[in-house]
Structure formats: C-alpha cells, structure tokens
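S.K.: Build me a structure from this.
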Amino acid sequence: MSLADLLAIMRRRWYFVVPLTLLSLLAGGYLYRTIPVSYESQSSVTLIDSTATAELAPTFGNPLSNAGGSLVVTADVLIRTLQSSDAAKELRSRGVTDQYTVAFAANADGPLLTLGVTGTDRANVLRETTTLTEFAGEQLTALQSAAKVPAVYAVQSAPVVLPQTPAPQSKSRYQGIAAVVIVGLVAAFLLSILAEGVAVVRRRGRALAGYVPRRHRARPPERPRGLLVRRLDATTILTGYLVLAVFVPSNLTLPALGGVGTPANVFALLGLLWYLATWLGGRIVPARGTRLPRVAMCVLAAAVLLSYLAAATRGSTHAETLGADRGLIALLVWVALVVLASAGIQERSRLETLMRRLVVLGTVVALLGYYDFFAATNIADSISIPGLQSSSAGSGAMDRGSFTRPRSTTAHPLEFGGMLALLVPFAVHQAFDPVRRHAGALRRWAPVAIMAGALPLTVSRTSIIGAFIAILVLVPRWKPQRRWAAIGLILGSVAGFKVIIPGLIGTITNLFASFLSDSDSSTQARTVKYGAIVPYLEEHPWFGRGFGTFTPDLYFFTDNEYMLVLAEMGVLGLIALLVLIVTGVHTGGAIRRLARTESDRELGQAFLASALVALVISATFDALSFPMYAGMFFLLLGAGGSYLGFVRREAAAAATIAVPAPRTAPEARLPHLAESR
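M.R.: Numbers count the residues shown, from 1 in each chain. Have a look, this model is predicted:
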C-alpha cells in the first residue's frame, strides 16, 4: 500500500476523519482553557557526617568536606521515609497538599537529595517546599533519635539550594493537549482503515458471487509513477528506521516523550500504523511460519502490562508514572519492529536486502566510533537538530586508562560495543556467502574488519565477552581449513593491536585480571547493587515496581538487565525476557536444522550467535534501556522469525516434490456376468 492509497482511503472515509479531527481539536482547545498552569519549586539538601567524624583528617573540622558517598545508604533510608504514607499524612497536616517528590539529585555520587513540590498556586508551592525541606531535617533527626544514636555521632542535614522561586511547568499541560489531539487523529485513521477493510471484504464476496461493480469492469488507467504512489513495504520502512537510528544520536529526542522519543522510535510507531492499515485493508497477510517471535512478544507485553497495573495500584510518584508511560511507548516500538520484520516482509529477496543494509549501517556506526577514539571526542555531542533536545546531559569523552572510549551516535560505549557484537556474526556470514562473491573481497570483508576492530576500542569487558561468544559459536562449526585460518587471523589481529595501539591490549587484560581477582572497583560497585535490589524485589516479587519506573535519577544504575527487570517487572518479567531471548536462540537453531544450503545453515548459526551474545552481555549492562541496542535486538528477533518462515516453506515445498504421488491402483477387472432370464 502506497501513501497515495492511504490518502485516498482517508478521503473516501471523510465522515470518520472530519468529525473526529474536529472533536479532537475542540477537546484540545477546551483542555488548554481549563487546565491551569502548574508551578514547580525545588530545593537541595545534603547529608553530612557527625562532628566526631568531621574532626578527623583530612576534613579538619569542616563538616561539608566529609559529605561523601558513605552516607548514600542513610540518604536512601531518608528518601523512603519521606515517601511513606505516614510522612504524607504528616505533611498534609502541615499544609503540603500538592504533589511532592524526594529523590537523589541527578548525576550526584554523594548523599545529595532534591526535594520538589508541584502545584497550581505559586505562593503556596514556595511555602510547601520550605515546609518539606524543614520536615526532611526533622525526619532525619527523628530516625536517629529512635535508634538512640549519640548526638556526637548523629548525621546532620544541610540545605545546599534553598527553595527556589516556583517556575511554570507548561510541558505536562501541552503533553495532555497533544495526547488528546493525537488520539483523535489515530482513531480517525484506524476507523477509516477498518471501514475500508470491511468494504474490501464485501466486494470480494460479491465478486465470488459473480457480481462485478461497474467501476471494476473497465481496466483502470495506470497511475503515474512518483513518491506518493510508489509501493511501500516493510523493508523500506525498516530501512528508514535504521537510517534515523544510526544518523540521529540516541540522546536527541522529542521533548514530550523523553528518552524513548527518538525520531527512529517515532518512525517505527508510524510503521506499525502503516502495517495495521495495510493488514486491515486486506493488502497484506502475515507470512506463514513466522508466528513464534510475535508470540514471545505477547508474553513480554503481558508482563509489561501487569507491571504497569502493579505500579498504578501501589501509588507511584509522578516521576515513576511518567517512566511507566514511557515504558509502554518503548514496548509499542519493540512490537512494531518485530511485527514489521517477521510478518511484514513477504519476499526473501527483500529480507536479504534489509540484512545487507543493516550490516552497512552498522559499519557506519563503527567508523564514527573510530573517529571518536582517535580524535578523543564524542561526535554525538556536537550534533544538534532543531526540534530535538538531549534527554541526558552531555557526558563528554569517557576515558579508561589512557584511552577515549568511543560511543559514536549511541548513548554509551557499552551500547556501542553491544550493538556491534550483535551485528558482527551477520557481517561474517555475508562475507562468506557465495552469492556475494561477485562483490569483491574488499567490499565483503571490510564490514567484518571495521566492526570487529571497533570492539576492543571501547575498552570494556562487555565488547570482548560479546566477541568471544560470537567466535565460540561460529568458528567450531566451520571446516578445518577456514577454522584454522580464522584462529590465525584473530591472533594476528591481537598482535597488530599491540603494535598499532600500544597499551590497549594490556588495559583490557588488566580489566579481566582485576575482575577475576575481585579487586576491580567497577565490579564491586555492581555486585553491591545486586544486594540493593533485594528489598525492592521483596516488596513486589511477581510483577515488580512497574516497567520503566526504576530510573537512575530516582534510584540507581543496576548495570544488569536481569536485575533491572527483576526490580521493574518481578519474576514474571524475568521469565518473559528469558523466553524472548531463548526464542532467538531457538530460531537460529531451527534455521540451521531446516536449511537446504550451506549459506542458510551459516545464516542460522549467525542468528544463534547473535542471540547468545544478547543472552550473556545483558548481564553486564542494562541493555534494553538503550534505544539503539534494543532496536537492533528486536529487529534481529523479527528478522530471524521471517527467515525461519521462508526456510520452513522451502523445506515443505522440497518435501512435497521429493515424495512421489501415490500411484492409482489399476482398475480391477470384474467378471462378465450374463443376464439371467
């Protein structure tokens, strides 16, 4: 279905489009007139050690000099106390009736708290913020008094930023108005498509009955070629998604959608609407044998929705509610990628085209990473696009040892390395594919060398582990000649890195050595967080706190996707995630078993390697929190399901041809019976 077809449907079904559009605009105008402007005031409080501790060197009696990370646990206890129902009742009795928030300050390593109040009365908001700030100090004193802490060892609170003049917050107001207008337009679109689908079914029924409408009797004139009438398919839409994901940095998002509002994600949602319109209009049928990835996505969607309901019933804060809403948007994006890749691609050649484009764009990301590494900069921080804003503060160049860790257009070096580790197996398959031998050795092997060579540049264990898993899965399945050549090439590449970039291999080796000896501060910080997850899991063991609510600005980084899922979606969410990854593993293995050619068998092994890489490295960073990595993972999951469908249909067709048709038994000769008289 082309854009011209969609516009024609909207024009024919104007009786849906016009009324719903007018109603949504009127509703938006009504909300603009009736929703008051909200104001927000904030203050900051830090915790300082006792006077007895502050007198020791090197603070020399200055308490603010000893406001270190050792009080983070105390700050967490204070935050939980202020968020409790008893504290809320006490604050209401003191006049704090508006919504308030208490959380760790953004990008703060120490016990620095941010207190905020949001309301519609500016003067009242400022007064309530002052009350909340004073109440925080009182609660800290009360907690220590209840524990009978000697005064000389008591932790104190000190205001760092006094309650600020309330500033107007128009963002939520405009978000509500935009949401009403968008819902009205989407409803008009879907109703129009549904009505068109019903009409198509009726016309088909009449045609089967022998009735041919007058307008269908004559051959319609051929449409002129152009952009609007060019046929769209899932490969084209997914290519647009990949281009936006690669060339627009992950931290640039639409202001109203937060971290999930990247242009690529918005484009994927539009692609999902296109698929629904095409499917309801009878123009496309989901490919046979591709249901497994979509079933796995249904399991994940059920877990996300259950956690969303759990978050709604436990009285979440405003920030957690926004995080849960963003989680639902992210889920829709992932569903769109899986559905478009698995059910929308109808021709194998178009799927192969998509995989080639995926490898090419991954090579572009790797090349930008080389620039970051050797120029000691972050190219993403220098890109600014009108209408988009950064969802995170610019972190500048990240260093480890004496090397700059590249991140290209991704959000973090871990995302950069993890995404390339997913794509390297497919680059290797395309390099060996006999169908592409006409492309030349340089064109086939350059993506492999560029992406694989960029993995060590991230100076992270995640990238090396991902590369090791890919090698462990791919190389043993090759023939001995290719296998030993690959091992020699890998060893030669390591030696080449030692010569070209002195110290890089030694730095990576030291990372693993410190990890094995349990002397790495990064590893120790992560293992400490694992224990910190337990209290949240005990509160909501089955459904979690809500998908998307365990954000670093409210809690802390988990650096482990499985731990994050346990906190947000509970045990059921962890099972759903494992089902999803195991589906990818099963898909790769099934493609390899059913394949009829060596190229298809190696492609199945590439899908298997990519899924196993995702299974392992998800334990090293919060993988699905990064939009580009998550998009590539779900796109590959859907593409694997699509390939499995093609391989199944080809195997079934070959089996049908191989089995000869049963011969008809010769007709038995019956004896001639004379008619008796």
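S.K.: For the strand ranked longest in the chain, name the packing helices and strands.
M.R.: If you go by DSSP state E, the chain has its longest strand at strand 38-48. Here strand 38-48 touches helix 72-82, strand 112-119, helix 122-146, strand 156-161, strand 167-169, going by 3 or more Cβ pairs under 8 Å, 6 or more residues apart in numbering; DSSP states H and E. Where C-beta positions appear, they are placed from N, C-alpha and C, glycine not excepted.
S.K.: tell me the most buried of these?
M.R.: Stretch with highest mean neighbour count among the helices and strands packed on strand 38-48: strand 112-119 (a mean of 22; mean count of other Cβ atoms under 10 Å).
S.K.: What strands line up against it, and which way round?
M.R.: The strands beside strand 112-119 in its sheet (DSSP bridges) come out as strand 38-48 (antiparallel), strand 99-104 (antiparallel).
S.K.: The closest residue to Leu272 other than its chain neighbours: how many residues sit nearby?
M.R.: Computed as Cβ to Cβ, 6 or more residues apart in numbering, the closest residue to Leu272 that is not its neighbour in sequence is Ala336, at 3.6 Å. By the criterion of other Cβ atoms under 10 Å, Ala336 has 29 neighbours.
S.K.: what would the strands paired with strand 112-119 look like in CSV with mean pLDDT?
M.R.: Below are those laid out as CSV (pLDDT from 0 to 100):
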stretch, mean pLDDT
strand 38-48, 85
strand 99-104, 85
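S.K.: what's the least confident helix or strand in this structure, going by average pLDDT?
M.R.: Ranked by mean pLDDT, DSSP states H and E, the weakest helix or strand in the chain is helix 51-54, scoring a mean of 58.
S.K.: Torsion angles phi and psi at Gly281?
M.R.: phi -80, psi 0 (degrees, to the nearest 10).
S.K.: same check, this time on Ala336
M.R.: phi -60, psi -40.
S.K.: ok, back up a step: any chance of the strands paired with strand 112-119 in TSV with mean neighbour count and distance to Thr597 as columns?
M.R.: TSV is the format used below for the strands paired with strand 112-119 (neighbours: other Cβ atoms under 10 Å; distance: least, Cβ to Cβ, whole Å):
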stretch	mean neighbour count	distance to Thr597
strand 38-48	21	62
strand 99-104	20	56
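S.K.: mind checking which of those is nearest Lys89?
M.R.: strand 99-104 (12.9 Å; Cβ to Cβ).
S.K.: contact partners of the closest one?
M.R.: By Cβ atoms under 8 Å, 6 or more residues apart in numbering, the residues outside strand 99-104 that reach it are 75, 79, 82-83, 91, 112-119, 128, 132, 136, 317-319, 553-556.
S.K.: rewinding a little: go through the strands paired with strand 112-119 and name the closest to Ser402.
M.R.: The nearest among the strands paired with strand 112-119, by Cβ to Cβ, is strand 99-104 at 31.4 Å.
S.K.: so the closest one versus helix 72-82, what angle?
M.R.: 170 degrees (axes from the mean of the first three to the mean of the last three Cα atoms, to 10 degrees).
S.K.: and the angle for strand 99-104 with helix 122-146?
M.R.: Using the same axes, to 10 degrees: strand 99-104 against helix 122-146 is 50 degrees.
S.K.: Alpha carbons of strand 99-104, as PDB, please.
M.R.: Only the C-alpha atoms of strand 99-104 are listed here, as PDB (Å, rounded to 0.1, in the frame of the first residue of the first chain):
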ATOM      1  CA  GLN A  99       2.300  16.600  44.900                       C
ATOM      2  CA  TYR A 100       5.800  16.400  46.200                       C
ATOM      3  CA  THR A 101       8.900  14.400  45.100                       C
ATOM      4  CA  VAL A 102      12.000  13.300  47.000                       C
ATOM      5  CA  ALA A 103      14.900  11.700  45.200                       C
ATOM      6  CA  PHE A 104      18.600  11.600  44.700                       C
END
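S.K.: rewinding a little: from the middle of its chain, how far away would the longest strand of the chain be?
M.R.: 31 Å (Cα atoms, centre = their mean, to the nearest Å).
S.K.: Angles on the backbone of Gly492, please.
M.R.: phi -70, psi -30.
S.K.: go on, Ser84?
M.R.: Torsion angles at Ser84 (phi, psi; degrees, to the nearest 10) stand at phi -70, psi 160.
S.K.: before we move on, the earlier item: tell me the contacts of the residue nearest to Leu272?
M.R.: 268-269, 271-272, 275.
S.K.: If you rank those by neighbours, which is first?
M.R.: Going by other Cβ under 10 Å, Ala268 tops those with 27 neighbours.
S.K.: ok, Leu337 - contacts?
M.R.: 238, 241, 268, 631, 634-635, 638.
S.K.: One more: Gly197?
M.R.: Gly197 neighbours (Cβ under 8 Å, 6+ apart): 280-282.
S.K.: sorry, back to before: closest one of the contacts of Leu337 to Ala179?
M.R.: Ala268 (18.8 Å).
S.K.: ok, so what distance separates the closest one from Leu577?
M.R.: 20 Å (Cβ to Cβ, to the nearest Å).
S.K.: ok so, going back, save the contacts of Gly197 as a markdown table, and put in distance to Val198 too.
M.R.: What follows is these, written out as a markdown table (distance: Cβ to Cβ, whole Å):
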| residue | distance to Val198 |
| --- | --- |
| Leu280 | 9 |
| Gly281 | 10 |
| Gly282 | 10 |
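S.K.: just the buried members of these?
M.R.: 280-282 (16 or more other Cβ atoms under 10 Å).
S.K.: which among those gets closest to Leu422?
M.R.: Looking across the buried ones among the contacts of Gly197 and measuring by Cβ to Cβ, the closest to Leu422 is Leu280, at 32.9 Å.
S.K.: Ala343 versus that closest one, what's the distance?
M.R.: From Leu280 to Ala343 the distance is 13 Å (Cβ to Cβ).
S.K.: Ok, Ile450 next?
M.R.: 32 Å.
S.K.: do Ala411 as well
M.R.: 29 Å.
S.K.: now do Leu331
M.R.: 17 Å.
S.K.: So between the two, which is more surrounded?
M.R.: Ala343 (24 against 20).
S.K.: Isn't that one up against Leu292?
M.R.: No. Look at Ala343 against Leu292 with Cβ atoms under 8 Å: they stay out of range, at 11.4 Å.
S.K.: which residue packs closest to Asp325, ignoring adjacent ones?
M.R.: Per Cβ to Cβ, 6+ apart, closest to Asp325 is Gly548, 7.6 Å.
S.K.: ok, now which ones touch the one you found?
M.R.: Taking Cβ under 8 Å, 6+ apart, one finds 323-328, 330, 568 in contact with Gly548.
S.K.: Show me which pair in these is furthest apart.
M.R.: Asp325 and Glu568 (13.6 Å).
S.K.: For the helix or strand that contains Gly488, buried residues please.
M.R.: According to DSSP states H and E, Gly488 maps onto helix 480-500. The neighbour-count check on helix 480-500 (16+ other Cβ under 10 Å) flags Phe497 as buried.
S.K.: continuing past it, what's the next helix or strand?
M.R.: helix 504-516.
S.K.: For the stretch 501-650 of the chain, just list every one of the helices.
M.R.: Taking DSSP state H, counting those that start in this stretch as the criterion, the stretch 501-650 of the chain carries its helices at 504-516, 521-539, 561-594, 598-617, 627-658.
S.K.: which sections of the stretch 351-500 of the chain are below the confidence cut-off?
M.R.: 391-397, 401 (pLDDT under 70).
S.K.: circling back: need the helices and strands packed on strand 38-48 in a markdown table (columns: distance to Tyr530 and mean pLDDT).
M.R.: Compiled in a markdown table, the helices and strands packed on strand 38-48 are given as follows (distance: least, Cβ to Cβ, whole Å; pLDDT from 0 to 100):
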| stretch | distance to Tyr530 | mean pLDDT |
| --- | --- | --- |
| helix 72-82 | 15 | 82 |
| strand 112-119 | 24 | 87 |
| helix 122-146 | 26 | 88 |
| strand 156-161 | 29 | 83 |
| strand 167-169 | 36 | 80 |
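S.K.: For Ala4, which of these is the nearest?
M.R.: Per Cβ to Cβ, nearest to Ala4 of the helices and strands packed on strand 38-48: strand 167-169, 42.2 Å.
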